[in-house]
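In: Build me a structure from this.
(chains A and B)
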Amino acid sequence: MQKERIVGKPVFRKEGIAKVCGAARYIDDFSLPGMIFGATVRSAIPRGRVLNIEFGPGIPWDEFTVVTAKDIPGKNYIALINQDWPCLADGFVNHPQEAILLLAHPDRQLLPLAVAAVRIEYEELPSVHSIEESELQQTIVWGDDNIIKSYVMEKGDVDAAFALPEIVIVKGEYSTGAQEHLYIENNGAIAAYSERDGVTLWGSLQCPFYAHKSLLGVTGLPEDKVRVIQVETGGAFGGKEDYPSMIAAHAVLLAMKSGHPVKIIYDRMEDMAATTKRHPSRARHRTAVTKDGKLLAADIEFCLDGGAYSTLSSTVLSRGTIHSGGPYYWPNIRVRSKAFATNTPPHGAFRGFGAPQSLFATERHMDRVAKAVGLTPEEFRRRNLLRTGETTCTGQVIRQQIDLEGWMESALDHAGYYEKRARFDRENTDSLRKKGIGLAVFLHGAGFTGSGERYLNSLVGVDATAEGRVRVLVSSTEFGQGTNTILCQVAAETLGIDYEVVEMAPADTSVVPNSGPTVASRTTMVVGGLVHSAALGLKQTLIASGLLSEPYTSDAFQNAAKSYIAKHGALCSMSRYQAPPNVYWDDQKYSGEAYAAYSWAAYVAEVTVDLTAYFVTVDDFVALQEVGRVLNPVLARGQIEGGVAQGIGYALYEKVVWDRGLMMNNQMTNYIMPTSQDLPPIRVFFEEIPFEYGAYGAKGIGELPMDGPAPAILNAIAHATGEDFNAIPLLPEDIAERLAARTSIAKEMAAV
Amino acid sequence: MSARRFSLCVNGVERFVDVPPMARLLDVLRHELGLTGTKEGCGEGECGSCSVLMNGELVNSCLVPIAQAGGASILTIEGVGEQARLHPVQKAFLECGGAQCGICTPGMILATVHLLGKHPRPTQEEIHEGLNGNLCRCTGYMRIFEAVEKAACAMESGAME
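Out: Numbering: from 1, shown residues only, chains lettered A, B, ... in the order given. The predicted structure is shown next:
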């Protein structure tokens, strides 16, 4: 395992020097000759008809380029799974902040004034703003029934299990709020158009080929006349998976009509109000368990608020559904799930993609089931955690040698759990600062769900330049997670050359093949695996040519590559996705191998609840996970720590305040994310079991750490206060309200 | 508002700009002087991505009108170090994984330079407090804290040489 030279080592981030010098160029750092600026006029109401648009006084309108839905040369939708998401509203709006009109002008400062001067008259229609309102179906705002997607996943005979004698039944309802990605770089794009070259789009984005596909539809241009280039991207977390296709289309429409390159950069308020967030959720659990704490059956209803258009909701719901069972063995389980439409901006991809929502409910619920049968949280889990050879809730056999019980125990040891739990129980009685410690054990599937990777059919290349340098050709993008570094490490390791000799080809759709979107914790495991096989092909070509023989030095490799190119013109090797054996998925029955691999984790949070201010601080956090082989320990730690920090924010700080679909706190001033003073030490531990079909044994890592913090923290708060809090974000006012109610009930009881 | 001429010393070089007095220092640096290493994250002084040192003090350049910066000495990320000769703080951020997406990094590095100027061997509390005006969404700050400590050590041993 230690034979590798580059993989497993903390080599520096490929673009690291440029980043620490401020030389990395993000979208707003670019300018083109003749470039003008674009802005978006948005809906002020949640739902209704657009009756009239008036261009108010005081603005030199003749200097402006104005684009409406009528100017769209192709089709008026942003292509995702369905075709219901308009590029520009055409006479009807379905959520606040929906784009209606585009403006462009050379003076960036004039644009906000112009946007404010456009007066739109509406006929407002009834709208719905929660899962509860949507499921009533009194107002239909999407399709025939407001249901964007539903699944039923079933294993065993759930109803029979609930009818068994001598069982304990535990019910619970759990909910999670929307979460803003809050990447520090706002969204932005630059578009240029000429009849000869077609459209070129530069953007801050995760998925160049998603934007490419949308632009083909909107412009009606052929494939070779649309080119998308990702530039340095200042954070994404899923938030730059879907919405950048919209901004790309807007910039392109303005560029085509104005004849100038057009730059659109959102400011923070626009970015927060108009773009996607994490889906709010509601989960209802009904669990049958034996008196000695063995899980018999689960009956789960899991619902998402999808927002006004279907965008990615069906796939977010799918992942949430499959993760609902958590890391437990269920002889019988049924999950009925639905994504409902509401008149809110569409909710979208966000790190974890439905799993943080459903795992919050499951892991919170497991603590309550444990209590109902008189077991500690850890003892109850010990009796039910999945073991090798058992099946998940989709019937997938766990083939990997896992040791969830041992890993949980190890996390508890690192946290000093047993000693602390006993001590806090002793000391809490006399204190206004209640301390608690809580646990969450969970899993996260790596790669696209079910047959997704087969449909993606990803293609990856590795080539050499005339100077003998090696390039990795992928559409997989860097936005902080370390794509550039990891994929170059894999290529360098495979080729037996220096890391410094390998570079990334630009993420430009006219240069690189489609290696799929940069999502779903798939880049290292799936794309890395393809880079590995493409690099092997390149090496074999050189050896077969007689120009290179093993063993060789990095210099000898470069010389051989140069000679090969001088002789043959090019040196390139491609590799296409092939599913690992036994990966079978039934889309109809929702059963089979949901993911090629799962990563596993046990997280422990220690908290203090201050009963004077009702403020919660997280005092210590242990994050132990098994993610297969760790390819770069510094980057991997960074992924876990950053994910845990976002999870702490999700649990305790980050509340989106809505008013009929409009985000009211769309500023960093009043939407609060963790600062350097708000976090505990985040102590990261890895267990490494190489995964046979991942690049050098790697599995997915990026999303996993988002899943565990919220339930671990809320379980710790339950331990500290004796109260079950089942909704996040949990703010001091929520705690105050509940504990005040408890006090007043106690007083009333005493009075009686 | 009509433009006026302002002079300021940026990264040790005297510069003149003709801009309205309420132009943001951030825009002057980025648009007039082409120093795009200073980033805009929120435009309201919350995130610290636009941090620069003005006469040695850490400021959010999105909140500073150029009229207040006339005659001032400004240090931006471009003046901290060069790609071929990194400042110890930049080197530590690179080595410890303190930069992920990189958009907060210039501001974070300037906040660190400022912090280490005040506290050459900062305590954990001083580090947490010194960086509390600079938001990072990627790292969870742990790699950044480590980078600050590493830079402090490197600068101390560098100073002793």
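In: In contact with the nearest residue to A:P86 once chain neighbours are set aside, which residues?
Out: Nearest non-adjacent residue to A:P86, counting by Cβ to Cβ, 6 or more residues apart in numbering or on different chains: A:N76, 5.4 Å away. The C-beta positions use only the backbone N, C-alpha and C, and glycine is treated the same way. Applying Cβ atoms under 8 Å, 6 or more residues apart in numbering or on different chains to A:N76 gives the contacts A:69, A:86-88, A:90, A:218.
In: could you check the distance from A:N76 over to A:N187?
Out: Here A:N76 is placed at a distance of 21 Å from A:N187 (Cβ to Cβ, to the nearest Å).
In: Same question for A:A288.
Out: 47 Å.
In: If you count surrounding residues, which of these two has more?
Out: For A:A288 versus A:N187, the count of surrounding residues by other Cβ atoms under 10 Å in any protein chain shown is larger for A:N187: 27 against 22.
In: Does the more buried one touch A:S204 like I think?
Out: Yes: between A:N187 and A:S204 there is a contact under Cβ atoms under 8 Å: 6.1 Å.
In: Quick check: neighbours shared by these two?
Out: Both A:N187 and A:S204 are in contact with A:240, A:244, where contact means Cβ under 8 Å, 6+ apart.
In: Is the closest residue to chain B within the stretch 151-300 of chain A in a helix, a strand, or coil?
Out: Proximity of the stretch 151-300 of chain A to chain B (Cβ to the nearest Cβ) peaks at A:G234, 2.9 Å away. Taken by DSSP: H, G, I helix; E, B strand; the rest coil, the conformation at A:G234 corresponds to coil.
In: tell me the domain boundaries of chain A?
Out: Using automatic domain parsing, the domains assigned to chain A come out as A:16-24+A:458-576, A:31-125+A:187-265, A:281-449+A:589-741.
In: measure the shortest one end to end?
Out: Going back to what we said before, that points to domain A:16-24+A:458-576. 30 Å (Cα to Cα, to the nearest Å).
In: And that domain, how far out from the chain middle?
Out: From the chain centre to the centre of domain A:16-24+A:458-576 is a distance of 26 Å (Cα atoms, centre = their mean, to the nearest Å).
In: Same check on the longest one?
Out: Taking Cα atoms, centre = their mean, the mean C-alpha location of domain A:281-449+A:589-741 is offset from the chain mean by 15 Å.
In: try stretch A:18-38
Out: How far stretch A:18-38 lies from its chain's middle: 26 Å, per Cα atoms, centre = their mean.
In: Need the pLDDT of the residue in chain A that chain B sits nearest to.
Out: Closest to chain B within chain A is A:G22: 2.3 Å, counting by Cβ to the nearest Cβ. pLDDT for A:G22: 98.
In: just A:D587 next, same as before
Out: 88.
In: Give the burial count for it, as a bare number.
Out: A:D587 has 13 nearby residues by other Cβ under 10 Å.
In: right, and it touches A:G450 too?
Out: Yes: contact criterion Cβ under 8 Å: A:D587 and A:G450 qualify, at 6.2 Å.
In: ok, A:E550 - contacts?
Out: A:496, A:543.
In: A:K434: helix or strand, and which one exactly?
Out: Per DSSP states H and E, A:K434 falls inside strand A:433-446.
In: Please state the mean pLDDT value computed over that strand.
Out: Per-residue scores along strand A:433-446 average to 98.
In: I'd like the next helix or strand past that strand.
Out: In N-to-C order, the element after strand A:433-446 by DSSP H and E is helix A:452-456.
In: If you average pLDDT per helix and strand, which one of chain B comes out bottom?
Out: For chain B, counting by mean pLDDT, DSSP states H and E, helix B:142-160 ranks last in confidence among helices and strands (a mean of 93).
In: actually chain A, not the one I typed
Out: helix A:732-751 (a mean of 85).
In: Helix, strand or coil: sort out A:T518 for me.
Out: coil.
In: how about it, what does it touch?
Out: A:T518 sits next to A:206-207, A:241, A:475-477, A:479, A:483 when contact means Cβ under 8 Å, 6+ apart.
In: Of these, which is the most crowded?
Out: Within the contacts of A:T518, most neighbours by other Cβ under 10 Å means A:S476, with 33 neighbours.
In: Let's have the domains of chain A in CSV, adding distance to A:A178.
Out: What follows is the domains of chain A, written out as CSV (distance: least, Cβ to Cβ, whole Å):
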stretch, distance to A:A178
domain A:16-24+A:458-576, 19
domain A:31-125+A:187-265, 12
domain A:281-449+A:589-741, 4
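In: State the distance from the closest residue to chain A within chain B to B:I103.
Out: Residue nearest to chain A within chain B: B:G37 (2.3 Å; Cβ to the nearest Cβ). Distance, B:G37 to B:I103, using Cβ to Cβ: 11 Å.
In: Looking at these two, which has the bigger crowd around it?
Out: B:I103 (31 against 26).
In: looking at it, that one is touching B:C50, isn't it?
Out: No: checked against Cβ under 8 Å, the pair B:I103 and B:C50 is beyond contact range at 10.7 Å.
In: before we move on, the earlier item: what residues sit buried inside the least confident helix or strand of chain A?
Out: Using 16 or more other Cβ atoms under 10 Å in any protein chain shown as the test for burial, helix A:732-751 gives A:735, A:738-739.
In: which residues touch that helix?
Out: Contacts of helix A:732-751 from elsewhere in the structure, counted by Cβ under 8 Å, 6+ apart, are A:609, A:611, A:613-616, A:717, A:721, A:723, A:725, A:727.
In: other SSEs contacting the strand holding A:K434?
Out: helix A:313-323, helix A:355-372, helix A:377-382, helix A:404-415, helix A:417-428, strand A:597-610, helix A:704-707, helix A:709-721 (3 or more Cβ pairs under 8 Å, 6 or more residues apart in numbering or on different chains; DSSP states H and E).
In: got the angle for that strand vs helix A:355-372?
Out: Angle of strand A:433-446 versus helix A:355-372, following axes from the mean of the first three to the mean of the last three Cα atoms, to 10 degrees, is 130 degrees.
In: Give me the pLDDT value at the residue positioned nearest the centre of chain A.
Out: In chain A, the residue lying closest to the centroid (Cα atoms, centre = their mean) is A:R351, at 2.1 Å. Note for A:R351: predicted pLDDT of 98.
In: Geometric centre of chain B: which residue is closest?
Out: Residue closest to the mean C-alpha point of chain B, counted by Cα atoms, centre = their mean, is B:L110 at 2.9 Å.
In: which is the next helix or strand following the helix or strand hosting that one?
Out: Assigned by DSSP H and E, B:L110 belongs to helix B:105-118. Counting by DSSP H and E, the element after helix B:105-118 in chain order, helix or strand, is helix B:124-130.
In: outside of that next one, which residues touch it?
Out: With Cβ under 8 Å, 6+ apart as the contact definition, helix B:124-130 has outside contacts at A:676-677, B:111-112, B:114-115, B:118-119, B:122, B:145, B:148-149.
In: just how off-centre is it within its chain?
Out: 17 Å.
In: ditto for stretch B:139-157
Out: Remark: stretch B:139-157 is offset 16 Å from the chain centroid, using Cα atoms, centre = their mean.
In: Okay, buried residues for that stretch please.
Out: Neighbour-count burial for stretch B:139-157, with 16+ other Cβ under 10 Å as criterion, is recorded at B:139-152, B:154-155.
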